[in-house]
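Enquirer: need a 3D model of the following:
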Amino acid sequence: MSVSTQEFREAMSRLGSAVNVITTGNITTPHGFTASAVCSVTDTPPTLLVCLNSSARVRPAFIDGAGMCVNVLTSDQKELSGIFAGPYDMSQRFDSADWSVLETGAPVLTNALASFDCQIDRIVEVGTHSVIFGLVKAIRLGTSGGGLMYFNRNYHDLPHSHGGDS
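Expert: Okay, here's the model as predicted:
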């Protein structure tokens, strides 16, 4: 029995994910998109993976050896997620927030919940997507607040975590 594309997509909509803005380039010529397909690969060495549709207009900007930053969005950043997922050009996307840099020079969202500054180690093409592996070179733990999740084709706010405080 074969699984249909529609059946697979419906099931995947029930797998909640954090919402992230993924960036590359630099402050002068930035590129970025919204992604929920991000996960940890290993902590030795610290490595993440990001999935990007191979036909996305931003795809050519992501190349082996370049910097890439995974910026984890807060519950207050739903609008920013929509901007980076929409038809806006790169200057419009990046003008909608404040940016800085860490080790790789990729744009880092100043008020992200967390930012993982990575060097792209390799890109593997799988079906319709590029799987981008990033070696984490620096981390910024930013704004405290609630997280932003995408589940069942809608945004959901996660409550603020106090990091184990009682």
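Enquirer: quick one: average confidence on the particular helix or strand that has Gly134 in it?
Expert: Assessed by DSSP states H and E, Gly134 sits inside strand 129-141. Mean pLDDT, taken over the full extent of strand 129-141, equals 98.
Enquirer: sheet-wise, list the partners of that strand with their directions.
Expert: Sheet pairing of strand 129-141 (DSSP bridges) gives strand 46-53 (antiparallel), strand 114-126 (antiparallel).
Enquirer: want to throw these into TSV with distance to Ser100 and mean neighbour count?
Expert: All C-beta atoms are positioned from the backbone trio N, CA, C, and that covers glycine. Supplementary listing: the strands paired with strand 129-141 in TSV, determined by distance: least, Cβ to Cβ, whole Å; neighbours: other Cβ atoms under 10 Å:
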stretch	distance to Ser100	mean neighbour count
strand 46-53	20	18
strand 114-126	9	18
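Enquirer: Phe116 contacts Leu48, doesn't it?
Expert: Yes. Between Phe116 and Leu48 there is a contact at 5.8 Å, judged by Cβ atoms under 8 Å.
Enquirer: and for those two, which residues touch both?
Expert: Val70, Gly134, Val136 (Cβ atoms under 8 Å, 6 or more residues apart in numbering).
Enquirer: so which of these comes closest to Leu158?
Expert: Val70 (17.3 Å; Cβ to Cβ).
Enquirer: contacting residues for that closest one?
Expert: For Val70, the residues meeting the contact criterion (Cβ under 8 Å, 6+ apart) are Asn20, Ile22, Val38, Leu48, Val50, Ser115, Phe116, Cys118, Gly134.
Enquirer: so what sits opposite it in the bridge?
Expert: Ile22, Phe116.
Enquirer: circling back to that earlier point, Val101: which of the strands paired with strand 129-141 is closest?
Expert: strand 114-126 (8.0 Å).
Enquirer: CA atoms only for the closest one, dumped as CSV, please.
Expert: As requested, C-alpha coordinates have been extracted for strand 114-126 and formatted as CSV (Å, rounded to 0.1, in the frame of the first residue of the first chain):
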residue,chain,number,x,y,z
ALA,A,114,17.6,31.6,20.5
SER,A,115,19.9,31.9,17.5
PHE,A,116,22.2,29.1,16.2
ASP,A,117,25.0,30.6,14.0
CYS,A,118,26.1,27.8,11.7
GLN,A,119,28.5,27.0,8.9
ILE,A,120,26.8,25.0,6.2
ASP,A,121,28.6,21.6,6.2
ARG,A,122,26.7,20.0,3.3
ILE,A,123,23.5,20.1,1.4
VAL,A,124,21.7,16.9,0.4
GLU,A,125,19.0,16.9,-2.2
VAL,A,126,16.0,14.6,-1.2
